[in-house]
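**Student:** what follows is a protein structure lacking sequence information:
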């Protein structure tokens with residue numbers, strides 16, 4: 001059995017196949033030890049035989065945001081120890097004179113230099129001595145570091161010095177008595193994790209990996225052991241939580257990557273930097289999948305959970321990948337889905353500043369104590385505001401188990417409303433502020449990048465997404481909202497259907513010059529030729545067209561694909577390679593990724609024109625990095641289509657109640673989504689309740705149910 005589990009701030013969502021159809025289970029999250037809720041979910045599902053667990057985790061994200069990672073020793077070329085703290089000149093808040101950057105995750109006393117040098121051509125100018133490497137090991141042991149990050153200058157061009165440093169450190173640790181120091185301290189190496197240029201971004205990425213490795217790695221390993229062998233206190237007859245007999249197949253654990261594919265637990269433990277957006281990535285993959293089935297090519301995914309909202313723009317090519325992500329002000333350059341996150345979720349706290357101005361978020365009530373309406377919290381949240389406006393019904397349990405306390409909610413909101421005239425006005429203000437933050441996030445990924453929101457459909461999911469989707473669609477002139485079946489668990493559905501993916505890259509630095517006839521010339525200077533150490537000829541290569549340019553990269557692509565095929569084979573998988581390249585105009589500092597193929601140059605010009613408003617087809621182009629994505633397709637999930645029924649929806653109405661829209665209480669039907677069938681239509685105002693989420697259909701909106709049981713709302 002295949003089970004997908006997405007750990008959120010309030011609930012842990014589980015999706016599995018029951019009688020060939022996706023089924024959902026939600027259990028309360030256990031922030032003190034997320035593994036407990038995962039094991040509890042598996043126990044409740046009562047899976048028989050071997051189990052494949054696919055997990056979306058927030059362990060790495062939380063450790064970064066809360067700065068609760070490991071004590072990291074950073075090793076680099078002597079004289080460059082402080083680059084990890086200096087970073088780039090660019091400031092996040094350009095006009096904020098009082099802005100103070102977050103402290104570096106590597107304190108000064110844990111930055112170590114080693115006397116070595118590799119030239120830009122990949123030539124070893126100076127190698128570290130054995131004595132110096134031994135002294136380095138002694139210093140790191142004495143520092144009390146829990147993890148090591150190694151990032152030497154130009155190691156992507158020639159990794160030999162970096163390999164020597166890592167080998168020496170491992171040998172040094174192995175010689176130390178484990179009672180005095182961890183013999184298996186994790187060592188993260190830059191040329192393995194990110195063999196690309198830009199020393200600061202490469203160093204920051206490998207440092208984040210080292211920062212997360214002890215905590216995230218230990219969590220993944222502990223969870224894997226629990227799934228494989230079980231714990232005595234979880235013993236049961238499900239095949240999970242007990243020792244396996246010899247005739248049973250091994251259970252397996254995979255972890256969702258930030259790039260939209262899953263990887264083995266072993267790799268996730270070694271390279272946790274690839275999982276920092278694990279949960280949100282599942283939502284984007286799930287949204288893309290249901291949109292494809294519904295025949296939608298251009299969508300904006302809108303995932304609102306308990307603590308944050310994640311948005312992403314997806315076109316016909318599929319989810320967009322970026323190598324320029326920043327989390328907690330730290331650049332992370334491994335491939336990630338291009339997701340923008342804001343601190344506005346169902347649990348976001350409402351508060352007043354010293355001037356009496358109302359704010360919402362980014363602080364969240366989380367799972368403990370949670371919103372007021374859950375019975376423990378005392379500070380108003382977005383969820384409480386929805387209860388006060390009667391959009392969430394206290395008579396219907398959330399996730400089948402959580403009862404909402406309306407009287408308690410109104411009492412505490414009355415106590416906390418400050419100078420605002422009424423609880424209803426207070427609640428309306430909370431929702432307006434939260435929606436303003438989410439609206440800005442959607443504008444950032446669409447309008448500010450040259451996309452017209454009027455051409456897209458908003459896919460709303462997450463426990464709170466359907467509550468606010470129509471209001472956002474109207475504000476942004478998005479014509480249509482789609483609420484998929486099981487919206488509160490779509491992230492887990494995406495994880496369940498995700499492919500096994502591995503990403504490989506290499507910096508090549510090839511210059512492509514175009515003349516007036518639009519022919520191309522691939523030029524490799526002796527300096528740039530160093531990026532391919534197998535080539536020593538200094539003759540200039542000439543390419544008459546894009547196909548000749550591609551032949552220049554063939555050996556590089558083949559090398560990356562050979563590595564990927566071998567790694568997939570070691571896991572019993574067969575993968576398909578997808579090639580792409582990072583291109584830029586000469587003199588630019590950043591690149592655009594386009595598919596590698598005969599139309600590569602034309603696609604780059606088009607992409608540049610779309611993003612920046614202009615393109616120069618006669619200007620020299622540089623191919624900076626080449627990339628290979630290896631994909632082993634997972635068995636697709638079958639979403640059954642149903643024949644349309646009658647257009648009426650009266651049979652699904654549970655009751656009618658007063659709900660506030662704007663500043664007016666309106667009589668509103670409450671519909672049970674499980675009773676809605678394809679072909680049913682209705683007009684807002686309406687509230688649609690289901691196990692995993694609640695959908696608000698404002699006055700004037702037209703809603704219908706399609707053949708896949710998606711709720712389509714014309715905003």
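**Tutor:** Thanks, I have the structure now. Keep in mind that this is a model prediction, so the values were computed, not measured.
**Student:** let me see the ranges of the helices in the stretch 1-150 of the chain.
**Tutor:** 34-45, 59-65, 83-86, 130-143 (DSSP state H, counting those that start in this stretch).
**Student:** out of the ones you listed, which is the most enclosed?
**Tutor:** helix 59-65 (a mean of 22; mean count of other Cβ atoms under 10 Å). Where you see a C-beta, it was placed from the backbone N, CA and C, and this is true even at glycine.
**Student:** one step back: may I see the helices of the stretch 1-150 of the chain organised as JSON lines, with distance to residue 282 and mean pLDDT added?
**Tutor:** Shown next, in JSON lines, are the helices of the stretch 1-150 of the chain (distance: least, Cβ to Cβ, whole Å; pLDDT from 0 to 100):
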{"stretch": "helix 34-45", "distance to residue 282": "14", "mean pLDDT": "85"}
{"stretch": "helix 59-65", "distance to residue 282": "13", "mean pLDDT": "82"}
{"stretch": "helix 83-86", "distance to residue 282": "31", "mean pLDDT": "94"}
{"stretch": "helix 130-143", "distance to residue 282": "37", "mean pLDDT": "93"}
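**Student:** residue 659: which of those is closest?
**Tutor:** Of all those, the one in closest proximity to residue 659, counting by Cβ to Cβ, is helix 34-45 (32.6 Å).
**Student:** compare the helices of the stretch 1-150 of the chain and give me the one nearest residue 589.
**Tutor:** helix 83-86 (17.1 Å).
**Student:** which residues touch that closest one?
**Tutor:** Contact partners of helix 83-86, identified using Cβ atoms under 8 Å, 6 or more residues apart in numbering, comprise 74, 76, 104, 106, 108, 111, 199, 200, 203, 204, 207.
**Student:** phi, psi for the last one please.
**Tutor:** Read that as residue 207. Main-chain torsions, residue 207, degrees, to the nearest 10: phi -70, psi -40.
**Student:** the domain parsing of the protein - what is it?
**Tutor:** 348-433, 500-632 (automatic domain parsing).
**Student:** now do the shortest one: distance to the chain's middle.
**Tutor:** Read it as domain 348-433. 28 Å (Cα atoms, centre = their mean, to the nearest Å).
**Student:** end-to-end on that domain?
**Tutor:** Taking Cα to Cα, to the nearest Å, domain 348-433 runs 11 Å from one end to the other.
**Student:** what's the mean pLDDT across that domain?
**Tutor:** Regarding domain 348-433, the rounded mean pLDDT is 90.
**Student:** with stretch 192-206 instead?
**Tutor:** On average, stretch 192-206 scores 95.
**Student:** quick check: buried residues in it?
**Tutor:** 192-206 (16 or more other Cβ atoms under 10 Å).
**Student:** got it, and stretch 265-283?
**Tutor:** So for stretch 265-283, counting by 16+ other Cβ under 10 Å, buried means 265, 267-283.
**Student:** tell me the mean pLDDT over it?
**Tutor:** Mean predicted lDDT for stretch 265-283 stands at 91.
**Student:** what's the closest of the helices of the stretch 1-150 of the chain to residue 122?
**Tutor:** Per Cβ to Cβ, nearest to residue 122 of the helices of the stretch 1-150 of the chain: helix 83-86, 20.2 Å.
**Student:** residue 199 against residue 88, yeah?
**Tutor:** No. Using Cβ atoms under 8 Å as the test, residue 199 is too far from residue 88 to be in contact (10.9 Å).
**Student:** can you give me the strands for the stretch 251-400 of the chain?
**Tutor:** 252-256, 262-264, 299-304, 309-315, 318-319, 321-322, 325-327, 330-332, 336-337, 340-342, 348-352, 358-364 (DSSP state E, counting those that start in this stretch).
**Student:** which other helices and strands contact the second one?
**Tutor:** In this case it means strand 262-264. strand 252-256, strand 500-514 (3 or more Cβ pairs under 8 Å, 6 or more residues apart in numbering; DSSP states H and E).
**Student:** now for the first one, which elements pack on it?
**Tutor:** Judged by 3+ Cβ pairs under 8 Å, 6+ apart, strand 252-256 is in contact with strand 52-56, helix 199-228, strand 262-264, helix 265-270, helix 278-293.
**Student:** swap in 10 Å and give it another go.
**Tutor:** Packing partners of strand 252-256 (3 or more Cβ pairs under 10 Å, 6 or more residues apart in numbering; DSSP states H and E): strand 2-7, strand 52-56, helix 199-228, strand 262-264, helix 265-270, helix 278-293, helix 490-497.
**Student:** and the first one, which strands flank it?
**Tutor:** Sheet pairing here is set by DSSP bridges, and for strand 2-7 it gives strand 11-18 (antiparallel), strand 52-56 (parallel).
**Student:** using TSV, please lay out the ones you listed together with distance to residue 68 and mean neighbour count.
**Tutor:** Formatted as TSV, those follow (distance: least, Cβ to Cβ, whole Å; neighbours: other Cβ atoms under 10 Å):
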stretch	distance to residue 68	mean neighbour count
strand 11-18	20	23
strand 52-56	20	26
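**Student:** residue 221 is nearest to which of the ones you listed?
**Tutor:** Between the strands paired with strand 2-7, strand 52-56 lies closest to residue 221; by Cβ to Cβ that is 12.6 Å.
**Student:** so where do the helices sit in the stretch 501-650 of the chain?
**Tutor:** 546-570, 600-612.
**Student:** okay, now the unreliable bits of the stretch 1-150 of the chain?
**Tutor:** 9, 46-49 (pLDDT under 70).
**Student:** quick one on the thing from earlier: tabulate the helices and strands packed on strand 252-256 (CSV), appending distance to residue 563.
**Tutor:** Formatted as CSV, these follow (distance: least, Cβ to Cβ, whole Å):
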stretch, distance to residue 563
strand 2-7, 28
strand 52-56, 24
helix 199-228, 19
strand 262-264, 15
helix 265-270, 14
helix 278-293, 23
helix 490-497, 26
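**Student:** among the ones you listed, which is nearest residue 351?
**Tutor:** helix 278-293 (25.2 Å).
**Student:** what is the orientation angle of that closest one with helix 199-228?
**Tutor:** 80 degrees (axes from the mean of the first three to the mean of the last three Cα atoms, to 10 degrees).
**Student:** distance from the chain centre to helix 278-293, please.
**Tutor:** 11 Å.
**Student:** next one: stretch 121-131
**Tutor:** So, by Cα atoms, centre = their mean, the centroid of stretch 121-131 is 38 Å from its chain's centroid.
**Student:** and the strands in the stretch 551-700 of the chain, which stretches?
**Tutor:** 576-585, 592-595, 621-632, 653-661, 664-672, 681-683, 686-689, 694-697.
**Student:** now render those as TSV, adding mean pLDDT, distance to residue 54 and mean neighbour count.
**Tutor:** Output for these, formatted as TSV (pLDDT from 0 to 100; distance: least, Cβ to Cβ, whole Å; neighbours: other Cβ atoms under 10 Å):
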stretch	mean pLDDT	distance to residue 54	mean neighbour count
strand 576-585	95	20	18
strand 592-595	93	26	18
strand 621-632	94	13	22
strand 653-661	95	34	16
strand 664-672	96	30	17
strand 681-683	95	36	17
strand 686-689	96	28	22
strand 694-697	96	27	24
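**Student:** could you dump the ones you listed to CSV with distance to residue 22?
**Tutor:** Converted to CSV, those look like this (distance: least, Cβ to Cβ, whole Å):
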stretch, distance to residue 22
strand 576-585, 25
strand 592-595, 32
strand 621-632, 21
strand 653-661, 24
strand 664-672, 19
strand 681-683, 25
strand 686-689, 19
strand 694-697, 19
